[in-house]
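> I would like the atomic coordinates for the input below:
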Amino acid sequence: MPNSSKATSLEILACDAGWRNYHFVKVTTEDGVVGWSEFDEGFGSPGVGATIQRLSTRVIGQNVFQHERIHAELFAATRPAAGGVVAQALGAIENALLDAKAKCLGVPCYELLGGKIRDRVRVYWSHCATWRINHPTWYKPPIENLDGVKAMGREVREKKFTALKTNIFSYDDGKPTGWRPGFGSPFAPEINVDRKILRDLHMHLEAIRDGAGPDVDILLDCNFNAKTEGYLKILRMITDLDMFWIEIDSFNPQALGYIRRQSPHPISSCETLLGLREFLPYFQEQAMDVAIIDTPWNGVWQSMKIASAAEAFEVNVAPHNFYGHLCSMMNAHFCAAVPNLRIMEIDIDRLAWDKELFTHEPDIQNGHLIIPDRPGWGTEPNEEALRAHPPKTTGGLLNYGRKG
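I've put the predicted structure just below:
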């Protein structure tokens with residue numbers, strides 16, 4: 001059984017992913033083993049790839065089995081600017097090292113995390129109706145009215161998913177438009193929630209419930225699209241609806257705890273936090289029912305530590321997962337091994353060429369993702385396909401709200 005294999009190269013690859021790009025780290029070892037991870041630059045994080053590239057000189061020549069040491073060394077080297085894109089770069093490198101180590105050992109990554117607790121993971125259909133409204137060029141059929149929203153809910157039920165998550169929309173003359181002032185679309189930095197938005201949100205949720213039926217759980221993602229006053233207005237407006245959770249991003253754990261104590265629905269949060277130090281104030285405040293961890297950002301190994309801390313505060317966890325298939329598989333291994341799991345996010349609406357980009361797609365049966373037993377993450381990018389879809393110079397949140 002090998003216990004050493006040095007990294008000989010670290011590369012950054014990217015490809016076109018419709019309204020954004022997919023980004024990957026490729027670590028090659030002296031034994032010819034290749035470890036992969038997927039990261040993201042489009043969710044408010046430009047420059048992660050440049051940071052990874054700059055840190056690569058500290059990785060090459062090191063033993064990929066010693067991922068904890070490498071992470072600690074990289075953290076020490078970047079400590080004055082810890083967090084942000086630096087933390088995400090460390091997470092991306094860690095995830096590629098885990099894949100390489102597991103492949104050297106010939107085992108799935110979940111074995112490195114303590115072994116799997118479950119063979120399949122319940123998933124929810126994320127951005128349900130959202131992608132077909134906001135990005136109709138890439139996700140078909142486009143949704144142009146409430147009938148389309150109802151049909152979307154019905155599709156979820158007919159495809160045997162047990163949960164879905166949607167977002168906030170404004171309806172003008174019956175046509176929905178994504179309402180994302182927290183992301184600058186529309187540009188309204190005060191981020192107030194008016195009566196029309198509240199009425200339109202209730203109408204949207206009623207429509208999707210009408211299509212999905214009474215047995216499908218419905219989740220709502222509010223992102224950063226309100227402040228404390230606005231979130232409380234939203235919660236009061238949808239008190240009568242049976243919601244699985246309301247997802248709220250807040251930079252202030254005390255404000256989120258105040259919201260949670262008045263909410264008729266469970267609250268989830270924290271998908272944009274980095275490292276255990278950022279999560280702890282939210283745990284101490286009992287600010288949410290479910291802690292959402294972005295494992296591509298944090299690194300799966302470090303995410304297990306965050307999940308363990310959540311367990312000590314009687315909080316379950318869920319992964320943040322709206323990227324490519326490699327991220328889904330990375331999150332699947334996290335979900336397989338973590339004890340205090342609530343549910344897993346995944347996008348079911350996919351790009352037409354997604355299946356070309358990866359060696360294996362997630363296997364979803366009756367609303368559950370089947371955990372693969374292939375070595376490493378169980379999938380990897382197809383480099384030839386990546387080259388056939390070169391990355392764009394625009395995309396992601398940086399394009400939201402732009403004119404022309």
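> what mean pLDDT does stretch 246-253 get?
Average pLDDT, stretch 246-253: 98.
> let me fix that, I meant to ask about stretch 219-238.
pLDDT averaged over stretch 219-238 gives 98.
> now do that stretch: everything it contacts.
For stretch 219-238, the surrounding residues in contact (C-beta atoms under 8 Å, 6 or more residues apart in numbering) are 124, 163-168, 179-183, 191-193, 198-199, 201-202, 205, 243-250, 255, 258-259, 262-265, 268. For every residue, glycine as well, the C-beta is placed using N, CA and C.
> restrict it to CA atoms and write it as CSV.
Written as CSV, here are the backbone C-alpha positions of stretch 219-238 (Å, rounded to 0.1, in the frame of the first residue of the first chain):
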residue,chain,number,x,y,z
LEU,A,219,-37.5,25.4,0.0
LEU,A,220,-37.1,29.1,-0.7
ASP,A,221,-33.7,30.8,-1.2
CYS,A,222,-33.7,34.5,-0.3
ASN,A,223,-29.9,34.9,-0.7
PHE,A,224,-28.8,38.4,0.3
ASN,A,225,-31.9,40.0,-1.2
ALA,A,226,-33.2,41.7,2.0
LYS,A,227,-32.2,43.1,5.3
THR,A,228,-33.6,42.0,8.7
GLU,A,229,-36.8,44.0,8.3
GLY,A,230,-37.4,42.6,4.8
TYR,A,231,-36.7,39.0,5.7
LEU,A,232,-39.3,39.4,8.6
LYS,A,233,-41.8,40.8,6.1
ILE,A,234,-41.2,37.8,3.8
LEU,A,235,-41.7,35.3,6.6
ARG,A,236,-44.9,36.9,7.8
MET,A,237,-46.2,36.9,4.2
ILE,A,238,-45.7,33.2,3.7
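> quick one: the helices in the protein?
48-55, 67-78, 84-105, 130-134, 146-158, 195-212, 228-237, 253-262, 276-284, 295-298, 300-312, 325-337, 354-357, 383-388 (DSSP state H).
> and the contacts of the last one?
What it means is helix 383-388. For helix 383-388, contacts defined as C-beta under 8 Å, 6+ apart pick out 13, 14, 15, 24, 353, 356, 357.
> just the ones of those in strands?
Under the assignment DSSP state E, those contribute 13, 14, 15, 24 to strands.
> which residues touch the last one?
Each residue near residue 24 by C-beta under 8 Å, 6+ apart is listed here: 12, 13, 14, 36, 37, 38, 39, 326, 381, 386.
> now those in CSV, with pLDDT?
Listed next are those as CSV, based on pLDDT from 0 to 100:
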residue, pLDDT
12, 98
13, 98
14, 97
36, 99
37, 98
38, 98
39, 98
326, 98
381, 98
386, 98
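> can you tell me which of those residues has the most neighbours?
When neighbours are counted by other C-beta atoms under 10 Å, residue 37 leads these with 29 neighbours.
> that one and residue 95 touch, don't they?
Yes: Residue 37 is within contact range of residue 95, at 3.4 Å (criterion: C-beta atoms under 8 Å).
> shared neighbours of these two, anything?
When contacts are counted by C-beta under 8 Å, 6+ apart, residue 37 and residue 95 are jointly contacted by 25, 296, 330.
> count of neighbours near the first one?
The reference is to residue 25. Around residue 25 there are 28 residues (other C-beta under 10 Å).
> then the second one?
One way to gauge burial is a neighbour count; for residue 296, by other C-beta under 10 Å, it gives 27.
> got it, and residue 5?
Residue 5 has 20 nearby residues by other C-beta under 10 Å.
> who's in contact with it?
Neighbours of residue 5 in contact, by C-beta under 8 Å, 6+ apart: 29, 30, 31, 33, 63, 64, 65, 100, 101, 104.
> likewise residue 180?
Contacts of residue 180 by C-beta under 8 Å, 6+ apart are 167, 168, 186, 223, 225, 400, 401.
> got a ChimeraX select line for the buried ones in those?
Here is the ChimeraX selection string for the buried members of these, based on 16 or more other C-beta atoms under 10 Å:
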select :167,168,223,225,400
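> hmm, back to that, same list (the shared contacts of residue 37 and residue 95) but as a markdown table, adding distance to residue 140 and pLDDT.
Converted to a markdown table, these look like this (distance: C-beta to C-beta, whole Å; pLDDT from 0 to 100):
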| residue | distance to residue 140 | pLDDT |
| --- | --- | --- |
| 25 | 31 | 98 |
| 296 | 27 | 98 |
| 330 | 27 | 98 |
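> of all those, which comes closest to residue 115?
Here the nearest of the shared contacts of residue 37 and residue 95 to residue 115, counting by C-beta to C-beta, is residue 330; it sits at 16.8 Å.
> check what pLDDT the closest residue in space to the closest one that isn't next to it in sequence gets.
Leaving aside its sequence neighbours, residue 330 sits nearest to residue 377 (C-beta to C-beta, 6 or more residues apart in numbering; 5.4 Å). We have a pLDDT of 98 for residue 377.
> give me phi/psi at residue 359?
Torsion angles at residue 359 (phi, psi; degrees, to the nearest 10) stand at phi -70, psi -30.
> thought it was touching residue 380?
Yes: Residue 359 lies in contact with residue 380 (C-beta under 8 Å); the separation is 5.4 Å.
> what about those two, which has more around it?
Set residue 359 next to residue 380 and count neighbours by other C-beta under 10 Å: residue 380 wins out with 23 against 14.
> what residues are bridge-paired with the nearest residue to the more buried one once chain neighbours are set aside?
Spatially, and ignoring its direct neighbours in sequence, residue 380 is nearest to residue 36 (4.6 Å; C-beta to C-beta, 6+ apart). With DSSP bridges as the criterion, residue 36 is bridged to residue 26.
> list the contacts of residue 36.
Neighbours of residue 36 in contact, by C-beta under 8 Å, 6+ apart: 24, 25, 26, 27, 96, 99, 326, 376, 377, 380, 381.
> flag every buried residue along stretch 235-244.
Buried positions in stretch 235-244, judged by neighbour count with 16+ other C-beta under 10 Å: 235, 237, 238, 243, 244.
> any weak-confidence spans in the stretch 51-200 of the chain?
Counting by pLDDT under 70, the stretch 51-200 of the chain shows no low-confidence range.
> residue 87 touches residue 296, doesn't it?
No: at 11.4 Å, residue 87 does not count as touching residue 296 under the criterion of C-beta under 8 Å.
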